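Novice: when you get a sec, could you give me coordinates for this:
(chains A and B)
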Amino acid sequence: MRLLLEPGDARDLDALAAAGEAARRCGLDGVLLGRTPLVSAPLVAAAALAARVASIRIAAEVEVGEAHPIEVAEEAAVVDVASGGRLILVATPAPGREDRFGEALDLMRTALSPAPFRFEGPTWRVPANLPANEHNLERLARLTPSPVQPRLELWGAGAGREAALARGLGHLAGAEDDPADLARAWDRAAAALGPAAIGAARARRERYEGDPAALVARLRAGREGFGQSWAVVAASATAAPTISRWVRPRVQTDRLPDGLEAHWDATLPR
Amino acid sequence: MSEAAFDAVGVGLWTMQSTAAAPADPTALYEWFAEDAALAERLGFRSVWSAEHRAWYDGWCPALVHAQAFAAARTERVRFGHAILLVPQHDPVRLARALATLDRLSGGRVDLGAGLGHRDAEFDMLGLRRDRRGRTMDAALDALAAVWAGEHGDEPPVQRPGPPVWVGGMAPQAIARAASRGHGLMLPQTLRPHQLRAIVDDYRSQAERQGTVGALRDVWVEADPGREARFRRRVDAHFREEAGSWWVLKGQVGFSQPEQMDRQLARIYDTEVVGSAERVAEGLNELYAAGVEFLVLRVNFDFVERAELRDQLHALAQDVVPLLEPAAAVH
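Specialist: Predicted coordinates:
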């Protein structure tokens, strides 16, 4: 299972970077940045974090469907290039724009592919070929720079679940989401998509209140219940050592040999 | 004099282009931007400036605030400005939040250079009409101020009421827009001193709250005539590609109007400030004497090699800035 920290209480860039560096040093997979009072544009913070911390994945949760999806895709491409291909773009429907979220995902994925493209949807047409724009127009549009990742890792979140799953994309569930409901949704996607559904990130936000055993139990239940493969743990830098030493080893395999946990308890610091 | 003069110059322009003339690793371009910003900071420069375009073959950065966040995270004091950012091509609430986030993460080190954009293909990709860009700009500037004032529930930026705004362009509407809002100006690089003086006087006669008048200038410090000629050949090829591909001359693309294009390009070459440190300082002081208070010195182009750029930044900081005589304190 892959583990990201979500340092939602960070008050400044140094605190964000400390969480990222702790994740990196502890062998965790990365950091997720959502909207906070400090960070009203998570992709901007993702770029800053990429400059401070090497190697780790940086996920940024952004609203999609209000602004032009090309603008979001351009920002994601720039952050992916600046970070050397480490971005995970987590798209959540902008409030009131749930109806065009799927189209926005399709446009972003089309634009982030490396070839010049044309896109015609109910809401967006690219290029628009508006009569008022007359000079030196293009038949096909081109978004540059191209992301470093050949296929940018893109997840849905929030109310965008069905749209994301229907496209074979990953999905970040909320901590309160019902595991049985998630299992049914993923089963439906697998049935509809067949092999195309393999490999999509099945992620969930997790609270962490200082009890690593409770987190392990929850992650094991998520894995059993809906095939959870990623966890986004709301925690700051100080929690990273415990999550890496205590939680991570216990959720990477189906089961641990009898006696190994007792051995760890006897030999590793708590 | 030198410390005060550093308040009256910034360096530019970072665009992240990987062109046919100068291909580059796209990720390295962002790393280099951060390195260059850190070098500029060490040398005493107060600000580095970037320019936006989109939908071209060369990776020109369409999301400047994100590139600047990357470099801001590796620097402590230097400011990040735009010369310019194409405001009508962005959702204003998203842009306001991006700028505010950069402002908070960097400790208040961002200047918004707000320009209109000119390429139909860019507007068209985003479903926008180019001919409405002025109205879009006015609405966007209002929206930025509203987001920064907390009307959408956001925390305020570090700088109050928001990052300083510099209005790009030289048209009467741009001057009036800057003057009526108390914003500064960022004038293009092709204006001669008497033209700058006229615009400055116009702006000062209109502005109730006085902003800073800035201007862009292409600059190259080179005392050797042979190497100066080499710079001029390369900068000609650079602007010829841009003008030939993008500029609309008599309703046609530049390459199909070679004589018209030559005349337009001549305005760029005539206003470049190239030569020895003394000659460059003299050329820049003419601009200060014309009433410009702040200059963005453009020494970075796609064709400029890493060592050349470092040499230019050193030469500007150590040989040119001490000779500068900005006329007035920056507002």
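Novice: for chain A, which segments count as strands?
Specialist: Secondary structure of chain A (DSSP state E): strands located at A:2-6, A:30-33, A:57-64, A:87-93, A:119-120, A:125-126, A:153-157, A:170-173, A:202-207, A:230-234.
Novice: over to the stretch 1-150 of chain B?
Specialist: Remark: strands assigned in the stretch 1-150 of chain B by DSSP state E, counting those that start in this stretch are B:9-14, B:47-50, B:79-82, B:85-86, B:110-115.
Novice: now do the stretch 151-300 of chain B
Specialist: B:165-168, B:184-187, B:213-221, B:248-249, B:252-253, B:273-275, B:294-298.
Novice: how about those strands, which one is nearest B:Asp124?
Specialist: Among the strands of the stretch 151-300 of chain B, strand B:248-249 comes nearest to B:Asp124, with 13.5 Å by C-beta to C-beta. Where C-beta positions appear, they are placed from N, C-alpha and C, glycine not excepted.
Novice: which helices and strands does that closest one pack with?
Specialist: helix B:258-271 (3 or more C-beta pairs under 8 Å, 6 or more residues apart in numbering or on different chains; DSSP states H and E).
Novice: buried set for stretch B:198-207?
Specialist: For stretch B:198-207, a neighbour-count test (16 or more other C-beta atoms under 10 Å in any protein chain shown) marks B:199-200, B:203, B:207 as buried.
Novice: out of these, who's nearest chain A?
Specialist: For the buried residues of stretch B:198-207, the residue nearest chain A by C-beta to the nearest C-beta is B:Ile199; the value is 26.5 Å.
Novice: was I right to think the closest one contacts B:Gly169?
Specialist: No: judged on C-beta atoms under 8 Å, B:Ile199 makes no contact with B:Gly169 at a distance of 10.2 Å.
Novice: could you name every residue contacting both of these two?
Specialist: Counting by C-beta atoms under 8 Å, 6 or more residues apart in numbering or on different chains, the common neighbours of B:Ile199 and B:Gly169 are B:Leu187.
Novice: B:Gln68: neighbour count?
Specialist: 33 (other C-beta atoms under 10 Å in any protein chain shown).
Novice: quick one: contacts for it?
Specialist: Contacts for B:Gln68 (C-beta under 8 Å, 6+ apart) come out as B:50, B:80, B:102, B:110.
Novice: quick check: the farthest pair among those residues?
Specialist: B:Ser50 and B:Leu102 (11.8 Å).
Novice: more crowded one of those two?
Specialist: Set B:Ser50 next to B:Leu102 and count neighbours by other C-beta under 10 Å: B:Leu102 wins out with 29 against 25.
Novice: go ahead and confirm the more buried one touches B:Ala63.
Specialist: No: B:Leu102 is beyond contact range of B:Ala63, at 11.2 Å (criterion: C-beta under 8 Å).
Novice: need the strands of chain A in CSV with distance to B:His194, can you?
Specialist: Shown next, in CSV, are the strands of chain A (distance: least, C-beta to C-beta, whole Å):
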stretch, distance to B:His194
strand A:2-6, 58
strand A:30-33, 50
strand A:57-64, 48
strand A:87-93, 49
strand A:119-120, 48
strand A:125-126, 44
strand A:153-157, 54
strand A:170-173, 59
strand A:202-207, 62
strand A:230-234, 60
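Novice: between the ones you listed, which gets nearest to chain B?
Specialist: Chain B sits nearest to strand A:125-126 of all the strands of chain A, at 5.9 Å, using C-beta to the nearest C-beta.
Novice: average pLDDT for the closest one?
Specialist: The average pLDDT within strand A:125-126 is 97.
Novice: any part of that strand near chain B?
Specialist: Yes: residues of strand A:125-126 contacting chain B under C-beta under 8 Å from any C-beta of the partner chain: A:125-126.
Novice: then stretch A:88-106?
Specialist: No: for stretch A:88-106 and chain B, the contact criterion (C-beta under 8 Å from any C-beta) is not met; the two come no nearer than 10.2 Å.
Novice: between B:Ser50 and B:Leu102, what contacts are shared?
Specialist: What both B:Ser50 and B:Leu102 touch, as defined by C-beta under 8 Å, 6+ apart, is the set B:68, B:80.
Novice: ok so, going back, so for chain A, which of the strands of the stretch 1-150 of chain B sits nearest?
Specialist: The closest approach between chain A and any of the strands of the stretch 1-150 of chain B, judged by C-beta to the nearest C-beta, belongs to strand B:110-115 at 10.4 Å.
Novice: list the strands paired with the closest one, with their directions.
Specialist: In the sheet, strand B:110-115 lines up against strand B:79-82 (parallel), strand B:85-86 (parallel), strand B:165-168 (parallel) (DSSP bridges).
Novice: just checking the distance from the last one to the centre of its chain.
Specialist: Its chain's C-alpha centre lies 10 Å from the corresponding centre of strand B:165-168 when counted by C-alpha atoms, centre = their mean, to the nearest Å.
Novice: list the buried ones in it?
Specialist: Neighbour counts over strand B:165-168 (16+ other C-beta under 10 Å) mark B:165-168 as buried.
Novice: below-threshold pLDDT in the stretch 1-150 of chain B: ranges please.
Specialist: Residue ranges of the stretch 1-150 of chain B with pLDDT under 70: B:1.
Novice: how many residues are close by residue 187?
Specialist: Just going to use chain A. With other C-beta under 10 Å as criterion, A:Asp187 counts 13.
Novice: think we crossed wires, I meant chain B
Specialist: Here the number of neighbours of B:Leu187 (other C-beta under 10 Å) works out to 28.
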